[in-house]
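Asker: Here's a sequence, model it:
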Amino acid sequence: MAKRTGKSEKTAAKDQAGPARGSTPPAAPPPPSDPRLAWIDRMRVYRGRAEPDLSIASMAAALERSTAQRQRMLGDVIDLWNEVASERVRGYATIEGLGQGTLTLSVTSSSASYELSRVLRDGLERTLVDRMPARIRRVKVRVGAGE
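Answerer: Next up is the predicted model:
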């Protein structure tokens, strides 16, 4: 059986609907009397979990930064590679990186690796080393990496 509150059904419906137009909204609950609880209420704003950024902007910015960094590090080497290597070789070989004097090239398959090795032995490696002796000491070929 329902408990009687002494209010009519119309009055109870108004109370559930919220404040009437023109009236002031209900006041915020008073701050807790315990200072520890007040501190927790103040910190709740800062300690809540932040909403994750679901946009693609952060990934685009990271890609732009990595591309700019790669261009700063390898820009002159890429220009030299495009100048010295033939169009056919550039079609299946890409520059993967340059570290400690070793230029690492990435190729698509083992047959492309064999062909690039032959081209390098025929003088391409010597040309790269002669044109950039301070940066390139040797050339290494990797299969399937970086694609």
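
Asker: can I assume L120 sits in a helix?
Answerer: Yes. The assignment for L120 is a helix, going by DSSP: H, G, I helix; E, B strand; the rest coil.

Asker: number of nearby residues for it?
Answerer: Residues lying near L120 (other CB atoms under 10 Å) number 21. Using the backbone N, CA and C atoms, a C-beta is placed for each residue, glycine as well.

Asker: what's the answer for G91, then?
Answerer: 11.

Asker: Check it and give its pLDDT.
Answerer: As predicted, G91 sits at a pLDDT of 89.

Asker: Now do the SS call for it.
Answerer: helix.

Asker: Would you state the strands of this protein in chain order?
Answerer: 93-99, 102-107, 138-143 (DSSP state E).

Asker: In space, what's closest to L120 - neighbours in sequence excluded?
Answerer: V139 (5.7 Å; CB to CB, 6 or more residues apart in numbering).

Asker: Now do the contacts for that neighbour.
Answerer: The neighbourhood of V139, defined by CB atoms under 8 Å, 6 or more residues apart in numbering, consists of 102-105, 120, 124-125, 128-129.

Asker: Distance check, the spatially most central residue of the chain against R142.
Answerer: For the chain, the residue nearest the mean C-alpha position is M59 (3.7 Å; CA atoms, centre = their mean). Separation of M59 from R142 (CB to CB, to the nearest Å): 26 Å.

Asker: re the thing from before, redo the contacts of V139 as TSV? Include pLDDT.
Answerer: Converted to TSV, the contacts of V139 look like this (pLDDT from 0 to 100):
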residue	pLDDT
T102	92
L103	91
T104	92
L105	92
L120	93
L124	91
E125	92
L128	91
V129	91
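
Asker: Could you list the low-confidence segments of the chain?
Answerer: Within the chain, the stretches falling below the threshold (pLDDT under 70) are 1-29, 31, 145-147.

Asker: Show me the helices in this protein, by range?
Answerer: Secondary structure of the chain by DSSP state H: the helices cover 9-17, 35-47, 57-84, 87-92, 110-119, 125-131.

Asker: The ones you listed: which one's closest to L98?
Answerer: helix 57-84 (5.8 Å; CB to CB).

Asker: A93 is in contact with L116, correct?
Answerer: Yes. Judged on CB atoms under 8 Å, L116 makes contact with A93 at a distance of 5.3 Å.
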